[in-house]
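**Q** following is a predicted model, sequence given first.
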Amino acid sequence: MGGKDVFAKSQADIDQIYDSVETVKRLSDRIIGIGPINIIGLDGILALLPIPGLSTVYSVGAGLILLVQGARARVTPLTLILSLLILAIDAGITTVEDVVKVIPGAGAVLGLIPGGIDALFQGHLYAAHLIQQDIKKTLYIDGKPTDGDHHANRSEMRATKGKKRLVYLG
(Lines give C-alpha, C1' and ligand atoms only; values in the text may rest on other atoms or scores of the structure.)
Protein backbone atom coordinates (compact mmCIF):
# COMPACT_ATOMS: atom_id res chain seq x y z
CA MET A 1 0.00 0.00 0.00
CA GLY A 2 1.52 3.31 -1.06
CA GLY A 3 1.40 6.45 1.06
CA LYS A 4 -1.27 7.91 -1.18
CA ASP A 5 -3.60 4.98 -0.46
CA VAL A 6 -3.58 5.73 3.27
CA PHE A 7 -5.87 8.75 3.03
CA ALA A 8 -9.64 8.51 2.80
CA LYS A 9 -10.89 8.53 -0.79
CA SER A 10 -14.65 8.87 -0.27
CA GLN A 11 -17.29 10.00 2.19
CA ALA A 12 -17.81 6.31 3.01
CA ASP A 13 -14.15 6.14 4.11
CA ILE A 14 -14.65 9.24 6.29
CA ASP A 15 -17.74 7.67 7.87
CA GLN A 16 -15.76 4.47 8.57
CA ILE A 17 -12.94 6.49 10.14
CA TYR A 18 -15.41 8.40 12.32
CA ASP A 19 -16.98 5.11 13.47
CA SER A 20 -13.60 3.51 14.26
CA VAL A 21 -12.60 6.56 16.33
CA GLU A 22 -15.93 6.23 18.18
CA THR A 23 -15.20 2.54 18.88
CA VAL A 24 -11.77 3.29 20.36
CA LYS A 25 -13.29 6.09 22.44
CA ARG A 26 -16.05 3.85 23.78
CA LEU A 27 -13.74 0.90 24.59
CA SER A 28 -11.02 3.01 26.14
CA ASP A 29 -13.06 5.31 28.34
CA ARG A 30 -16.76 4.36 28.33
CA ILE A 31 -17.27 0.78 29.55
CA ILE A 32 -18.27 1.22 33.20
CA GLY A 33 -20.69 3.91 34.27
CA ILE A 34 -22.41 5.18 37.37
CA GLY A 35 -25.90 6.25 36.39
CA PRO A 36 -25.77 8.26 33.19
CA ILE A 37 -22.05 9.03 33.61
CA ASN A 38 -19.50 6.70 32.02
CA ILE A 39 -16.32 7.02 34.06
CA ILE A 40 -13.94 4.22 33.18
CA GLY A 41 -13.03 2.04 30.26
CA LEU A 42 -10.58 -0.66 29.29
CA ASP A 43 -7.68 1.78 29.59
CA GLY A 44 -8.60 2.57 33.20
CA ILE A 45 -9.28 -1.04 34.12
CA LEU A 46 -5.86 -2.08 32.83
CA ALA A 47 -4.23 0.79 34.79
CA LEU A 48 -5.68 -0.62 38.01
CA LEU A 49 -4.36 -4.15 37.41
CA PRO A 50 -1.05 -5.11 39.02
CA ILE A 51 0.52 -5.97 35.65
CA PRO A 52 3.26 -3.46 34.85
CA GLY A 53 3.13 -1.96 31.37
CA LEU A 54 -0.16 -3.52 30.27
CA SER A 55 -2.07 -0.25 30.40
CA THR A 56 0.74 1.57 28.61
CA VAL A 57 0.79 -0.97 25.78
CA TYR A 58 -2.97 -0.63 25.35
CA SER A 59 -2.85 3.17 25.60
CA VAL A 60 -0.12 3.50 23.00
CA GLY A 61 -1.85 1.08 20.60
CA ALA A 62 -5.25 2.73 20.92
CA GLY A 63 -3.64 6.16 20.66
CA LEU A 64 -1.83 5.21 17.46
CA ILE A 65 -5.11 4.04 15.97
CA LEU A 66 -6.70 7.41 16.78
CA LEU A 67 -3.80 9.40 15.33
CA VAL A 68 -3.62 7.32 12.15
CA GLN A 69 -7.37 7.62 11.65
CA GLY A 70 -7.16 11.37 12.21
CA ALA A 71 -4.39 11.64 9.64
CA ARG A 72 -6.38 9.50 7.18
CA ALA A 73 -9.31 11.91 7.58
CA ARG A 74 -6.94 14.84 7.04
CA VAL A 75 -7.78 16.59 10.29
CA THR A 76 -5.83 19.77 10.97
CA PRO A 77 -2.22 19.54 12.18
CA LEU A 78 -3.25 21.35 15.38
CA THR A 79 -5.84 18.66 16.11
CA LEU A 80 -3.22 15.94 15.62
CA ILE A 81 -0.70 17.74 17.85
CA LEU A 82 -3.23 18.33 20.64
CA SER A 83 -4.40 14.72 20.37
CA LEU A 84 -0.79 13.50 20.54
CA LEU A 85 -0.15 15.53 23.69
CA ILE A 86 -3.31 14.22 25.36
CA LEU A 87 -2.47 10.65 24.36
CA ALA A 88 1.11 11.02 25.64
CA ILE A 89 -0.30 11.87 29.05
CA ASP A 90 -2.80 9.00 28.82
CA ALA A 91 -0.10 6.48 27.86
CA GLY A 92 2.04 7.47 30.81
CA ILE A 93 4.79 9.10 28.74
CA THR A 94 3.95 12.13 30.87
CA THR A 95 1.72 10.99 33.69
CA VAL A 96 -1.36 12.69 34.99
CA GLU A 97 0.35 12.52 38.38
CA ASP A 98 3.14 14.74 36.98
CA VAL A 99 0.59 17.24 35.70
CA VAL A 100 -1.40 17.17 38.95
CA LYS A 101 1.75 17.97 40.99
CA VAL A 102 1.40 21.62 39.99
CA ILE A 103 -1.96 21.79 41.84
CA PRO A 104 -1.29 22.12 45.60
CA GLY A 105 -2.75 19.19 47.53
CA ALA A 106 -4.36 17.52 44.51
CA GLY A 107 -1.59 14.96 44.14
CA ALA A 108 -2.05 13.72 47.70
CA VAL A 109 -5.81 13.37 47.36
CA LEU A 110 -5.84 11.79 43.91
CA GLY A 111 -2.82 9.60 44.58
CA LEU A 112 -4.56 7.45 47.18
CA ILE A 113 -5.30 4.69 44.63
CA PRO A 114 -2.29 3.38 42.66
CA GLY A 115 -3.06 4.04 39.01
CA GLY A 116 -6.26 5.80 40.03
CA ILE A 117 -5.54 9.12 38.39
CA ASP A 118 -4.55 7.46 35.13
CA ALA A 119 -7.61 5.23 35.39
CA LEU A 120 -9.90 8.25 35.63
CA PHE A 121 -8.11 10.41 33.05
CA GLN A 122 -10.02 9.87 29.80
CA GLY A 123 -7.30 10.77 27.31
CA HIS A 124 -8.58 8.58 24.50
CA LEU A 125 -12.02 10.14 24.91
CA TYR A 126 -10.61 13.69 24.71
CA ALA A 127 -8.37 12.96 21.72
CA ALA A 128 -11.15 11.08 19.90
CA HIS A 129 -13.54 13.94 20.55
CA LEU A 130 -11.07 16.44 19.03
CA ILE A 131 -10.66 14.28 15.93
CA GLN A 132 -14.40 13.73 15.55
CA GLN A 133 -15.14 17.43 15.96
CA ASP A 134 -12.59 18.25 13.27
CA ILE A 135 -14.25 15.70 10.95
CA LYS A 136 -17.67 17.21 11.66
CA LYS A 137 -16.39 20.71 10.81
CA THR A 138 -15.00 19.57 7.47
CA LEU A 139 -16.88 19.42 4.19
CA TYR A 140 -15.36 16.50 2.30
CA ILE A 141 -15.61 16.58 -1.49
CA ASP A 142 -15.01 13.49 -3.61
CA GLY A 143 -12.47 14.11 -6.35
CA LYS A 144 -9.96 16.87 -7.01
CA PRO A 145 -10.53 20.61 -7.03
CA THR A 146 -11.27 22.36 -10.29
CA ASP A 147 -11.39 26.13 -10.64
CA GLY A 148 -15.13 26.43 -11.28
CA ASP A 149 -16.15 23.78 -8.78
CA HIS A 150 -13.86 25.06 -6.04
CA HIS A 151 -15.76 28.34 -5.75
CA ALA A 152 -19.07 26.47 -5.65
CA ASN A 153 -17.67 24.08 -3.02
CA ARG A 154 -16.46 26.98 -0.87
CA SER A 155 -19.92 28.53 -1.11
CA GLU A 156 -21.51 25.23 -0.11
CA MET A 157 -19.11 24.97 2.87
CA ARG A 158 -20.02 28.47 4.05
CA ALA A 159 -23.71 27.75 3.62
CA THR A 160 -23.55 24.48 5.57
CA LYS A 161 -23.99 25.00 9.32
CA GLY A 162 -20.90 24.02 11.30
CA LYS A 163 -18.57 23.52 8.34
CA LYS A 164 -15.30 25.44 8.59
CA ARG A 165 -12.96 23.49 6.31
CA LEU A 166 -12.99 22.08 2.82
CA VAL A 167 -11.04 18.92 1.98
CA TYR A 168 -10.83 17.20 -1.40
CA LEU A 169 -10.59 13.42 -1.21
CA GLY A 170 -9.23 12.84 -4.73
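**A** Yep, that arrived.

**Q** domain ranges for the chain?
**A** 3-136, 139-170 (automatic domain parsing).

**Q** excluding chain neighbours, what is closest to the residue most central in space within the chain?
**A** The centroid of the chain falls nearest to Ala128 when counting by C-alpha atoms, centre = their mean (2.3 Å). Distances taken as C-beta to C-beta, 6 or more residues apart in numbering place Lys25 nearest to Ala128, at 3.7 Å, with adjacent residues excluded. C-beta: built from backbone N, CA, C; applies to glycine.

**Q** so who does that neighbour touch?
**A** By C-beta atoms under 8 Å, 6 or more residues apart in numbering, Lys25 lies in contact with 124-125, 128-129, 132.

**Q** export those residues to a markdown table and tack on pLDDT and distance to Gly170?
**A** Formatted as a markdown table, those follow (pLDDT from 0 to 100; distance: C-beta to C-beta, whole Å):
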| residue | pLDDT | distance to Gly170 |
| --- | --- | --- |
| His124 | 89 | 31 |
| Leu125 | 90 | 32 |
| Ala128 | 96 | 27 |
| His129 | 96 | 28 |
| Gln132 | 98 | 23 |
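
**Q** among these, which are in helices?
**A** 124-125, 128-129, 132 (DSSP state H).

**Q** distance check, Thr146 against Thr23.
**A** Using C-beta to C-beta, to the nearest Å, we find Thr146 at a distance of 36 Å from Thr23.

**Q** sounds good, over and out.
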